[in-house]
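Undergrad: Fold the following.
(one chain, ligands or ions: 1)
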Amino acid sequence: MSALAPPAVDLQGIRFAWPGAAAPCLEMAAFALAAGERVFLHGPSGSGKTTLLSLVGGVLDPQAGRVAVHGQVLGELRAGARDRFRAHHIGFVFQLFNLIPYLSARDNILLPCRFSALRRARVQEAGTTPSAEAARLAQRLDLDAALLDRPAAELSVGQQQRVAAARALIGRPSLVIADEPTSALDADRQRGFLDLLLAECADARAALLFVSHDARLAEHFDRRVALGEINRVGGGA
Ligand SMILES: Nc1ncnc2c1ncn2[C@@H]1O[C@H](COP(=O)(O)OP(=O)(O)OP(=O)(O)O)[C@@H](O)[C@H]1O
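TA: Numbers count the residues shown, from 1 in each chain. Okay, the predicted model is just below:
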């Protein structure tokens with residue numbers, strides 16, 4: 001992205017409370033990720049990290065404030081347009097991977113290309129096909145090729161996590177949101193997984209917002225942010 005590119009993420013004046021909650025979960029003056037920036041976000045369990053990622057992904061709406069992704073204010077998009085925007089530009093790796101259990105690992109990885117012509121076009125521009133790209137990502141994630149034909153439900157948790165990562169990365173979204181993506185992986189695979197995520201994001205010049213409790217991973221990122229530094233709730237900013 002050029003220096004003039006809008007921030008990948010730009011949050012202003014955010015207040016978010018869960019329905020029925022006595023107090024807000026998040027109150028933030030501002031938080032931004034530059035285009036292509038890779039940020040490690042940490043904080044205690046229950047402090048609101050996943051909630052923040054859901055706001056950035058347009059899955060939740062704040063009661064006050066503005067969430068923009070690549071200059072697009074998400075609150076200005078109706079549900080269908082927001083789904084399309086998300087499919088084109090954002091790759092997610094969730095804590096609970098949200099794979100479709102009866103689809104094969106390969107078909108799960110290919111889902112973004114099915115939903116977004118832009119993601120499909122980016123694969124083609126790179127001179128490959130969605131299926132070949134799914135296989136390349138799976139190989140880089142150390143997923144055996146034979147596993148690609150198995151239904152997602154039959155894979156181990158660590159294998160499902162890697163399928164979810166390949167699905168997030170296919171078609172080079174310009175923002176990747178990852179919520180504890182290494183929690184189910186053993187130490188060796190954790191490192192390989194992080195290397196791949198960082199390398200793929202760098203190649204695609206994608207911004208990465210990565211949540212983890214594992215502080216050792218922070219050194220690989222451009223910036224490390226404690227949620228308490230940016231959230232007024234809980235005695236923070
Ligand atoms: N669907 C929901 N409905 C109501 N309250 C919720 C919901 N999801 C989360 N919360 C509440 O919001 C607060 C923040 O939760 P969140 O999952 O964002 O924290 P977190 O920092 O990601 O935690 P962890 O590190 O344990 O994943 C918690 O008090 C939680 O109980």
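Undergrad: What does the spatially most central residue of the chain show for phi and psi?
TA: Nearest to the mean C-alpha position of the chain, counting by C-alpha atoms, centre = their mean, stands I177 at 1.7 Å. Per-residue torsions, I177: phi -110, psi 120 (degrees, to the nearest 10).
Undergrad: just M28 next, same as before
TA: The phi/psi pair for M28 (degrees, to the nearest 10) is phi -130, psi 130.
Undergrad: Show me which residues of this structure sit near the ligand.
TA: Selection of the chain residues close to the ligand by C-beta under 6 Å from any ligand atom yields W18, C25, G43, S45, G46, S47, G48, K49, T50, T51. Where you see a C-beta, it was placed from the backbone N, CA and C, and this is true even at glycine.
Undergrad: Test my guess that the residue nearest to the centre of the chain contacts L53.
TA: Yes - with contact defined as C-beta atoms under 8 Å, I177 counts as touching L53 (5.2 Å).
Undergrad: For R86, what is the enclosing helix or strand?
TA: Secondary structure assignment for R86, by DSSP states H and E: helix 79-89.
Undergrad: and the helix ranked longest in the chain, what does it pack onto?
TA: If you go by DSSP state H, the chain has its longest helix at helix 187-204. If you count contacts as 3 or more C-beta pairs under 8 Å, 6 or more residues apart in numbering; DSSP states H and E, helix 187-204 packs onto helix 130-140, helix 157-169, strand 175-179, strand 207-211.
Undergrad: try 10 Å this time
TA: Contacts defined by 3 or more C-beta pairs under 10 Å, 6 or more residues apart in numbering; DSSP states H and E place helix 187-204 against strand 38-42, strand 90-93, helix 130-140, helix 157-169, strand 175-179, strand 207-211.
Undergrad: For it, list every residue counted as buried.
TA: For helix 187-204, a neighbour-count test (16 or more other C-beta atoms under 10 Å) marks R189, Q190, G192, F193, L194, L196, L197, L198, E200, C201, A204 as buried.
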